[in-house]
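> Mind folding the following:
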Amino acid sequence: MTSISGWFAAVRQRIIALAASCDVFLAVAVAVGVWLRFSRLGDFDNQYYTATAVSMLKSPSNFLFGSFDPKGIVMVDKPPVSFWVQSVSVTLFGPTRWAVSLPQAVVGTAAIIILYLALKPAFGRVAAVAAALTLAVRPASVMIDSRNEPDSLLSFTLLLASASVILAARDGRWRWLMVFAVLMGVAFNIKMLAAFVPLPAFLLYYLISKKQIFSRLFMRVALATALLLLISFSWTAIVAFTPTDQRPYVGSTRDNSIWTLVFKYNGVDRFASLIGLRPRQPIAQPPQGVRPGLPPSAQPLSPPGTTQPAGGIQPQPPPAGDAGATGLASLFTDRLAGQTGWLLPLALFMLMVILIPLLPEDVYRRPVRLLTLLRETPAASQTILWGGWLITAVVAFGLSVATTTHPYYLVALAVPLAAVAGTGFAILWRAYREQGLLAWLLPGALLGGVAYQTLAARHLVDSSAVALALGMMFLAALGMVVAIWRKVTESPLAGAFVVVGAMALLVVPTAVAIAAGGPIAGPAAGPARPAVPPPPRTSPEAERVRLVSSFIEQEDNSETRSVVATVSTREAAPFIIAGVPAIAIGGFSGNDPIFTTRSFLAIVEREQVRYFLMPGGSSPSGPGQKGPQEAVLNQIRSTWQDVSMSARLPPGTFFRFAGAATGR
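Prediction:
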């Protein structure tokens, strides 16, 4: 009895000690992050990835290769690691929007804590708290952490890798360097070459921060790099060396090659504009017939015989007078600025601020002292890590052609931007407390940041948020200026004014993160989230799935469930999620040359493909163009039975296999 009471007493003391050591401001950051992410869980999902997570559970082969469909016809166009994680959630909770988004919300919240812990030893509590709060409310982070894109897990894994390389440089042990290599390899198997964007900054940091003989240091880096590459290309090698008839087709390629997927589709095609300016793309506007402010489930149904644009919001001509910007300039003035919460200019200014300690007077007189300073001062060397990561991410994703069509890719800037902003804020606050001429930098930076935000976002957030940010900043600026004038910047009241000013800087990003209702944040994000949820209605996609499923259930008498075929994954995904076996003969875009007419007929016989749903609208290859599936579609139209009217669908939409067809 005594031992049990003693054990409870020890546990109680440890809980009290842990609570006492907990940073209240970190708890606030985590609470805000949890609220912003989990409150919108299930609002949006990428059905392409949701269907993949469902299909991967159908067989070991599907799980290994990341098959989009339950029959193992075509692979998803990303490595499978993030979908392995999502499939666990699907196993536990079912194929729902919130289930596939749950892992991203969890790791997005955990990233706030890990960033705090990574920064605090070298830069102090103020920098760690400021960075954690910035990451908690950054619009693109909130968006991507509450949906099922792989970018959230990629960002989290890279954050873990950065923490590991910091520990490797700090204690000099092999294990942390090996952990770093493993994590970078895992990151590659989440989104391929995008994971290597911060790698130069990570390796440079390790090289300049270690006091070791160069040959030994080189050997360590070489071994870590070898392990990194081994893990990175392990899954790729499995796909490459598996016979093509024993695995799914490599999606989004024309030659069924995993190397094409790695180096072209997810490589050159994503970053091709690094050698030139990124073209300005049309801003996404609601298509005709879509009511702003309503989610897809509440949009009006299409009348019989008509089709709606697939995928919801489509690119439309930009509003008059919206000239836009190209290249890196668009990160500051165009719709991409909203993805960073309009914090990028301030973060780049903060980067210049934190570089100042790297250039003391003796470094100017003896430049060789810079290397000694980097090796002896953790804050100085880690500045290279976080600053280098931010710069490489800004250049890579700021110029990338993929960022134009997928603005949420700028979530790659989230962690380094938050780290640089937090450390810069801490340095400016220290200069503010020490008074002198540099004390004016802090109120100037905060005032300029809030002014830029409110001017850029005035049409995107409620006027009350703009008024709140400006009011808080005016009060804070007045208090800070008076404190500098009276030389009382170290007083508690002066510190309170600084905190109010910093909070004012986060009002607009928080408001954008709360209000945005589309798959991205900021301009062109789509309709805002309605204050009052509309009454539930059946979406056109769900209605089509219901009609097709009902028809198959009534007509199909076989013991094996019949498979529905479509051209692209956009049409097939809703069926897979609903539990109806479906395949996409053209992969993601509908343009993958997976089948000839003869091979398609073989699949029809082997996999019980008994129904085909024709695509709505123009050809996947573009209006007036014949895609690689045209021969298969013509064969279906001429030899299969049109049962569209029986299924209550527009004529020429839905076909049933009528027996053997002549292949070519």
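
> How is this structure divided into domains?
167-260, 540-656 (automatic domain parsing).

> Tabulate those domains in a markdown table, adding columns for mean pLDDT, distance to residue 467 and mean neighbour count.
(C-beta placed from N, C-alpha, C; glycine too.) Listed next are the domains of the chain as a markdown table, based on pLDDT from 0 to 100; distance: least, CB to CB, whole Å; neighbours: other CB atoms under 10 Å:
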| stretch | mean pLDDT | distance to residue 467 | mean neighbour count |
| --- | --- | --- | --- |
| domain 167-260 | 93 | 38 | 18 |
| domain 540-656 | 87 | 40 | 18 |
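
> Please identify which of these is closest to residue 42.
Nearest to residue 42, of all the domains of the chain, is domain 540-656, at 13.2 Å by CB to CB.

> Measure how far that closest one is from the centre of its chain, please.
Averaging C-alpha positions (CA atoms, centre = their mean, to the nearest Å) puts domain 540-656 31 Å from its chain's average.

> still on that earlier bit, of the domains of the chain, which is nearest residue 342?
Residue 342 lies closest, by CB to CB, to one member of these: domain 167-260, at 22.3 Å.

> Packing partners of the lengthiest helix in the chain?
The longest helix of the chain (DSSP state H) is helix 97-123. Here helix 97-123 touches helix 24-38, helix 47-55, helix 81-93, helix 125-137, helix 139-145, helix 151-171, helix 378-399, helix 414-433, going by 3 or more CB pairs under 8 Å, 6 or more residues apart in numbering; DSSP states H and E.

> Would you check the distance separating stretch 130-142 from the middle of the chain?
On the basis of CA atoms, centre = their mean, stretch 130-142 sits 13 Å off its chain's mean C-alpha point.

> Which residue ranges of this protein form strands?
Along the chain, counting by DSSP state E, strands occupy 284-285, 314-315, 563-566, 582-584, 609-613, 641-642, 654-656.

> so the longest helix of the chain versus helix 47-55, what angle?
Angle, helix 97-123 to helix 47-55, by axes from the mean of the first three to the mean of the last three CA atoms, to 10 degrees: 100 degrees.

> List the buried residues of helix 97-123.
Within helix 97-123, the residues that qualify as buried are 97-109, 111-116, 118-120, 122-123, counting by 16 or more other CB atoms under 10 Å.

> And for stretch 472-490?
472-473, 476-477, 479-481, 483-484, 489.

> Now intersect the residues you listed with the helices, please.
472-473, 476-477, 479-481, 483-484.

> what about the nearest residue to residue 509 once chain neighbours are set aside, neighbour count?
Nearest residue to residue 509, sequence neighbours excluded (CB to CB, 6 or more residues apart in numbering): residue 341, at 3.1 Å. Residues within reach of residue 341, counting by other CB atoms under 10 Å, total 32.

> Now do the contacts for residue 341.
If you count contacts by CB atoms under 8 Å, 6 or more residues apart in numbering, residue 341 has them with 137-140, 453, 506, 508-509, 512-513.

> could you dump those residues to CSV with pLDDT and neighbour count?
CSV is the format used below for these (pLDDT from 0 to 100; neighbours: other CB atoms under 10 Å):
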residue, pLDDT, neighbour count
137, 95, 26
138, 92, 32
139, 91, 33
140, 90, 30
453, 91, 31
506, 95, 23
508, 93, 30
509, 93, 29
512, 89, 29
513, 88, 26
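
> what about residue 555, distance to residue 351?
Look at residue 555 and residue 351: by CB to CB, to the nearest Å, they are 64 Å apart.

> so which of the strands of the chain comes closest to residue 544?
Across the strands of the chain, closest to residue 544 is strand 609-613 (CB to CB), at 7.9 Å.

> could you say what helices and strands that closest one packs with?
Strand 609-613 packs on helix 540-555, strand 563-566, strand 654-656, going by 3+ CB pairs under 8 Å, 6+ apart.

> Just the residues contacting the second one, thanks.
It stands for strand 563-566. 71, 548, 552, 572, 575, 580-585, 607-613, 615.

> how close does residue 335 get to residue 36?
21 Å.

> returning to that earlier point: tabulate the domains of the chain (TSV), appending distance to residue 359.
Formatted as TSV, those follow (distance: least, CB to CB, whole Å):
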stretch	distance to residue 359
domain 167-260	15
domain 540-656	49
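
> Figure out which of those domains is closest to residue 440.
Among the domains of the chain, the nearest to residue 440 by CB to CB is domain 167-260 (31.2 Å).

> Next one: the residue nearest to residue 509, what pLDDT does it get?
Per-residue pLDDT puts residue 341 at 83.

> do the same with the one 4 residues further on
Residue 345 carries a pLDDT score of 92 in this model.

> mind listing what it touches?
Per CB under 8 Å, 6+ apart, neighbours of residue 345: 332, 449, 452.

> Save the residues you listed as CSV, and put in distance to residue 394 too.
Compiled in CSV, these are given as follows (distance: CB to CB, whole Å):
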residue, distance to residue 394
332, 11
449, 17
452, 17
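
> Pick out the lowest-pLDDT one from the residues you listed.
Lowest pLDDT among the contacts of residue 345: residue 332, 84.

> got a list of what residue 82 touches?
Per CB under 8 Å, 6+ apart, neighbours of residue 82: 150, 153-154, 190-191.

> same deal with residue 388?
198, 200-201, 204-205.

> Which residue lies nearest the spatial centre of this structure?
residue 151 (3.0 Å; CA atoms, centre = their mean).

> one step back: turn the buried residues of stretch 472-490 into CSV, including distance to residue 564 and pLDDT.
Shown next, in CSV, are those (distance: CB to CB, whole Å; pLDDT from 0 to 100):
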residue, distance to residue 564, pLDDT
472, 55, 96
473, 56, 95
476, 60, 96
477, 62, 95
479, 65, 95
480, 64, 95
481, 68, 95
483, 69, 95
484, 70, 94
489, 69, 91
